[in-house]
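1. Predicted structure and sequence below. I'll ask about it afterward.
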Amino acid sequence: MRRALALLLPLWLALLSACSRSDGRTELVIQRFFGACQADYGQLTDPSKADGECGIITAMINQFEARNPDIRVIENTVFWPGYDQLTAQLAANGAPDLVTMHSSAIPDYEARGLLEPLDQSLARIGIGPEQFTAAARAGVTVEGRTMGLPIDVWSPLWHVNLNLFRKAGLVRDGAPVLPTSPEEFHAQAEQFRRATGKPYFIQVTNKDYSGPMRIFYVWMLQQGAPLFTDARHGNFASIEGRRALQFMRDLYQRGDSALNMDYAGAVSAYLKGEGGILVDGTWMVGQFDAASRNEGSPLYQGYAVRPFPFLFHGRKVSLVDGHNWVMPRDPRRTAAEREAAQRFLAYFAANDFQWARTGHFPAYREIIESPQWQQLPHRQDLASITRDGEPLPKYVRRQSPIESIVGEEAAAAFTGAKPVDRALADMQRRADEILQSY
């Protein structure tokens, strides 16, 4: 038996090699987050018939490959946000050709020389940074170089259940009445709770700390405070940081917020009509708008979405980030592979409107100024973000691990696991240790 297996092994290896051999097409390795949905959209080649981030990007990649039969797209879908996997791949000299990356993560990879500037590649396909919106351009520009092709600009939002707001008497002229100060927030939350028996606010409180981080950042920025004093120091243990985190703690401890929610639980609770406001991003606008057209949904004819209201009046500002395609450095990348990547970037830029149907803001001025985009549901209600949006500072590296620290410590404070001052001190110390470690 062993001798038979030994004789068969070379044949098996030869067959395996033949099966894995290229079919003559240029291979383009794309690595992305946004989830996997092959069962629903794996065969769809018309993005206009897809919905949601996963569905639309899957259909776009399918359409690109169908229109470019000489290119074989290898699509790696990673668990959000995918940076640990990317770092391991780069260390092992296994760089993909194109990768989705948040604007806030670009400076860290760029500073370590891991990304290839795209100015020349984009120029070859007729794309220049002057075509981008201001926020999208800021998201990919580091020291005057364009480090990625912008996909979108996104922002955390308040998603409102208008049906419950009507019941609470918080609708005027068809629009939600939102607070303009912490005091009004508490008063409206109490009014809402008395009328509906439900919490006013739904937010992520555990497991996924991006939500608490974004809320804390927004309410610090609204006070006119910088999040970082310089490239080596955060500004979290400050008067503004304490005011923001104390307010987060107060609203949680007073019962204004739903309790013990991870991300999936928060979205599910909102869709079931279990609270008035969900804090979530632009990527959910399409799904919630679709629910508002479903007669069986608690959101039926009762969905609105707004930017974060300005509760602190130091600055009128909205926190924004963005998704981008970046090209990791790879000295082994061939001219044919580079040309395939450029064709993909050109395709994505030309079809950015389809991607913007997710709810994200387009990366291109031409699209955001077009009637076609402005007539999409809820876009006029969110238009102020295109003027007030501010990305995280480019001079600060390691934003991704710092965001995890900020969210973790903020959640520990507002849920009562830590005193506010201790959480802020730990947040500051841990963030500074990372900032000063390179």
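-> That came through, no problem.

2. All the helices of the stretch 101-250 of the chain, in order from the start?
-> Listed in chain order, the helices of the stretch 101-250 of the chain (DSSP state H, counting those that start in this stretch) span 106-111, 119-124, 134-140, 162-167, 182-196, 210-221, 239-253.

3. any idea of the mean pLDDT in the last one?
-> This means helix 239-253. Taken as a whole, helix 239-253 has a mean pLDDT of 97.

4. try the second one
-> Averaged over helix 119-124, pLDDT sits at 97.

5. cool, and the first one?
-> The average pLDDT for helix 106-111 rounds to 92.

6. Number the residues from 555 up from this point.
-> In the new count, where the first residue is 555, that last one comes out as helix 660-665.

7. per-domain residue ranges of this structure.
-> 579-704+877-913, 710-874+948-989 (automatic domain parsing).

8. Dump those into TSV; add distance to residue 932 as well.
-> Bear in mind the C-beta positions are built from the backbone N, C-alpha and C, glycine included. Below are those laid out as TSV (distance: least, C-beta to C-beta, whole Å):
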stretch	distance to residue 932
domain 579-704+877-913	8
domain 710-874+948-989	5
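
9. right, and the helix or strand after the helix or strand of the chain with the lowest mean pLDDT?
-> Least confident helix or strand of the chain, by mean pLDDT, DSSP states H and E, is helix 556-574 with a mean of 39. Remark: after helix 556-574, the chain's next helix or strand is strand 580-586, criterion DSSP states H and E.

10. Same question for that following strand: list its buried residues.
-> 580, 582, 583, 584, 585, 586 (16 or more other C-beta atoms under 10 Å).

11. pLDDT at the first one, what is it?
-> In the prediction, the pLDDT value recorded for residue 580 is 96.

12. Would you check that my belief about it contacting residue 890 is correct?
-> Yes. Using C-beta atoms under 8 Å, residue 580 makes contact with residue 890 at a distance of 4.6 Å.

13. tally of neighbours for the closest residue to residue 732 other than its chain neighbours?
-> Setting aside the residues directly before and after it, residue 732 is nearest to residue 863 in space (C-beta to C-beta, 6 or more residues apart in numbering), at 4.4 Å. As a burial measure, residue 863 scores 15 neighbours (other C-beta atoms under 10 Å).

14. how much space is there between residue 863 and residue 729?
-> Counting by C-beta to C-beta, to the nearest Å, the gap from residue 863 to residue 729 is 12 Å.

15. Kindly report the same for residue 770.
-> Distance from residue 770 to residue 729, by C-beta to C-beta: 27 Å.

16. Please apply the same query to residue 910.
-> Per C-beta to C-beta, residue 910 is found 23 Å from residue 729.

17. Looking at these two, which has the bigger crowd around it?
-> It is residue 910, of residue 910 and residue 729, that has more neighbours when counted by other C-beta under 10 Å, with 26 against 14.

18. got the contact list for that one?
-> By C-beta atoms under 8 Å, 6 or more residues apart in numbering, the contact set of residue 910 is 706, 916, 921, 927, 930.

19. 10 Å - rerun?
-> Neighbouring residues of residue 910 by C-beta atoms under 10 Å, 6 or more residues apart in numbering: 610, 705-707, 836, 840, 916-918, 921-922, 924, 926-927, 930, 933.

20. ok, it to residue 683 distance?
-> 19 Å.

21. Residue 916: neighbouring residues, count only.
-> Look at residue 916: counted by other C-beta under 10 Å, it has 25 neighbours.

22. Beta-bridge partners for it, please?
-> residue 706 (DSSP bridges).

23. List the residues that contact it.
-> The contact partners of residue 916, taken as C-beta under 10 Å, 6+ apart, are 686-687, 690, 704-707, 906-907, 909-910, 922-924, 927, 933, 940.

24. swap the cut-off to 8 Å and go again
-> So residue 916 contacts 687, 706, 707, 906, 907, 909, 910, 922, 927 (C-beta under 8 Å, 6+ apart).

25. how about the residues you listed in a markdown table, adding pLDDT and distance to residue 738?
-> Below are these laid out as a markdown table (pLDDT from 0 to 100; distance: C-beta to C-beta, whole Å):
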| residue | pLDDT | distance to residue 738 |
| --- | --- | --- |
| 687 | 93 | 32 |
| 706 | 96 | 32 |
| 707 | 96 | 29 |
| 906 | 95 | 38 |
| 907 | 96 | 37 |
| 909 | 96 | 36 |
| 910 | 94 | 33 |
| 922 | 92 | 31 |
| 927 | 94 | 33 |
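
26. Select only the buried ones of the residues you listed in PyMOL?
-> In PyMOL, a selection of the buried entries from the contacts of residue 916 looks like this (16+ other C-beta under 10 Å):
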select buried, resi 687+706+707+906+907+909+910+922+927
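
27. which ones are touching residue 881?
-> By C-beta under 8 Å, 6+ apart, the contact set of residue 881 is 651, 652, 653, 669, 670, 672, 675, 702, 895.

28. and which of those is nearest to residue 813?
-> Closest to residue 813 out of the contacts of residue 881 is residue 653 (36.7 Å), distances taken as C-beta to C-beta.

29. so that closest one is in which element?
-> Residue-wise, residue 653 maps onto strand 652-656 under DSSP H and E.

30. now swap in residue 896 and tell me
-> Secondary structure (DSSP H and E) places residue 896 in helix 889-904.

31. And for that helix, what's in contact with it?
-> Contacts of helix 889-904 (C-beta under 8 Å, 6+ apart): 580-582, 584, 614, 617-618, 621-622, 625, 627, 651-652, 672, 675-676, 678-681, 703, 705, 879, 881, 909, 918.

32. Of the residues you listed, keep whichever come out buried.
-> 580, 582, 584, 614, 617-618, 622, 625, 627, 651-652, 672, 675-676, 679, 681, 703, 705, 879, 881, 909, 918.

33. I'd say residue 919 and residue 686 touch.
-> Yes. Counting by C-beta under 8 Å, residue 686 is a contact partner of residue 919 at 7.0 Å.

34. Looking at those two, which is more packed in?
-> Set side by side, residue 919 and residue 686 show more neighbours around residue 686, with 24 against 16, by other C-beta under 10 Å.

35. can you pull the pLDDT of the more buried one?
-> With respect to pLDDT, residue 686 has a value of 96.

36. try residue 643
-> pLDDT recorded at residue 643 is 89.

37. Tell me if I am right that it is in a helix.
-> Yes. Counting by DSSP: H, G, I helix; E, B strand; the rest coil, residue 643 is part of a helix.

38. How about it: what's its closest non-neighbour residue?
-> Distance criterion C-beta to C-beta, 6+ apart; nearest residue to residue 643, sequence neighbours excluded, is residue 649 at 6.1 Å.

39. that older thread, out of the buried residues of strand 580-586, flag the one nearest to residue 886.
-> Closest approach between those and residue 886, by C-beta to C-beta: residue 583, at 11.9 Å.

40. And the closest one, what's its pLDDT?
-> As predicted, residue 583 sits at a pLDDT of 96.

41. so what's it up against?
-> Applying C-beta under 8 Å, 6+ apart, we find residue 583 in contact with 628, 630, 650, 651, 652.
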